[in-house]
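Here is a sequence together with a model predicted from it:
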Amino acid sequence: ENASPIKIREFIPENPSKVASPTEKVPVVPDHFVERDEMMADIKLKLIRGSAVKAVVLRGPLGCGKTTLVTALAHDTQIQSYFTDGVYWVKLGNNVILPDILHRINELVKDMYENLTQQMLCDERPSSPSFVSPSKEAPKSYVSIEPPGMISNEQEGKEELLRLTENRKILIILDSVHQARHIYNFLVTIDSPQVKLLITTEIQDLMKGLFFKEYVLEGGMTLNETTDVVSRIAVSPEVNQSMDTSSMESITGKLPFN
């Protein structure tokens, strides 16, 4: 199913009362980022619309641009307008062990608590357009959030994430996942249907099932994408006629040219 701006807008308020800001852990989009429009639009549609897909997996070889693409999605205004309770970034990587996972969970829980607490302080101001009055229908976790304690095991982490994500629209980005079991520590999307995971990995068939949608990012850019990025670099203020090869490499970085 091809995505379109109309299909995506159907799920986003025309004038959202609040828009999420990515946490400080979300990287900055590179200046010379080349959008892969069709893939990005389709990923957004899978994340935003209320489908059975709970997680989107972006797979490809090292250096093909997976992290850059999900970084752009984290900064996308439609993503931020839909996931109004936060866009969170967790960097995993290779050779992570249990203490590393617990550290990542503690950091994520802390970020969520601080962000949600700040949101509720804003919501309590009468002048705020996103003011929400506590009601009988409002979940207890929205009216009052207890500060999290130090998480010492995986079960505590799962319970705390479930508590903080209850009835909220949240996107959790798991970057550079190398083992499927690490995903389960953050897989709160079944119990919290408005929470989605966006995952990058090099591993084929990392996660399979009805709730996961995988996209494959090839190793190199197309001819049009390569022409686009080189053209933009050529008119960049940093570039001049006397620039040598090493200087050009410092600007382009590790772009996935074919």
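Everything's here; your move.

helices and strands around the lengthiest helix in the chain, which ones?
Longest helix of the chain, by residue count under DSSP state H: helix 98-123. On a contact count with 3 or more CB pairs under 8 Å, 6 or more residues apart in numbering; DSSP states H and E, helix 98-123 meets strand 87-91, helix 154-165. All C-beta spots, glycine's among them, are computed from the backbone N, C-alpha and C.

can you give me the helices for the protein?
For the chain, the helices defined by DSSP H occupy 5-9, 37-48, 66-74, 77-82, 98-123, 140-143, 154-165, 180-184, 223-234, 245-252.

and the ones you listed, which one's lowest on average pLDDT?
Across those, helix 140-143 has the smallest mean pLDDT, namely a mean of 43.

residues contacting the nearest residue to residue 102 once chain neighbours are set aside?
Counting by CB to CB, 6 or more residues apart in numbering, residue 151 is the residue found nearest to residue 102 once chain neighbours are left out, at 6.1 Å. Residue 151 makes contact with 102, 105, 106, 109, 157, 160, according to CB atoms under 8 Å, 6 or more residues apart in numbering.

What's the separation between residue 151 and residue 89?
Distance of residue 151 to residue 89, computed by CB to CB, to the nearest Å: 18 Å.

that older thread, please report the distance of the residue nearest to residue 102 from residue 101.
The gap separating residue 151 from residue 101 is 10 Å, by CB to CB.

go on, residue 185?
According to CB to CB, residue 185 and residue 101 sit 6 Å apart.

any shared contact partners between those two?
Residues touching both residue 185 and residue 101 (CB under 8 Å, 6+ apart): residue 154.

Can you list the buried residues in stretch 196-215?
196-202, 206-207, 212-215 (16 or more other CB atoms under 10 Å).

Residues touching that stretch, excluding its own?
Contacts of stretch 196-215 (CB under 8 Å, 6+ apart): 39, 42-43, 46-47, 52-62, 66-67, 70, 73, 83, 170-180, 183, 186-187, 189-190.

how about 6 Å then?
Contacts to stretch 196-215, defined as CB atoms under 6 Å, 6 or more residues apart in numbering, come from residues 46-47, 53-59, 62, 66-67, 70, 171-175, 177, 180, 189.

same question, stretch 176-185
92, 93, 94, 101, 154, 157, 199, 201, 206, 207.

tell me the least confident of the residues you listed?
For these, the least confident position by pLDDT is residue 207, scoring 74.

Residue 174 versus that one, what's the distance?
Distance of residue 207 to residue 174, computed by CB to CB: 11 Å.

Same check on residue 87?
Using CB to CB, residue 87 is found at 12 Å from residue 174.

go on, residue 25?
Going from residue 25 to residue 174 by CB to CB gives 12 Å.

can you check residue 149 too?
Taking CB to CB, one finds residue 149 at 23 Å from residue 174.

picking that back up, in strands, which of the contacts of stretch 196-215 appear?
55, 56, 57, 58, 59, 171, 172, 173, 174, 175, 177 (DSSP state E).

Compare residue 149 and residue 174 (neighbour count), which wins?
With neighbours defined as other CB atoms under 10 Å, residue 149 and residue 174 compare such that residue 174 has more, 25 against 10.

does the residue nearest to the more buried one when sequence neighbours are not counted have beta-bridge partners, and which?
Nearest residue to residue 174 in three dimensions, chain neighbours excluded: residue 199, at 4.7 Å (CB to CB, 6+ apart). Beta-bridge partners for residue 199, by DSSP bridges, are residue 57, residue 174.

who touches stretch 103-121?
Identification of contacts with stretch 103-121 by CB under 6 Å, 6+ apart yields 23, 86, 88, 90, 145, 148, 151, 157, 160, 164.

Return the closest of these with respect to residue 30.
residue 23 (18.8 Å; CB to CB).

and the closest one, what does it touch?
With contact set as CB under 6 Å, 6+ apart, residue 23 has these partners: 88, 111.

Can you read off the pLDDT for it?
Reported pLDDT for residue 23: 70.
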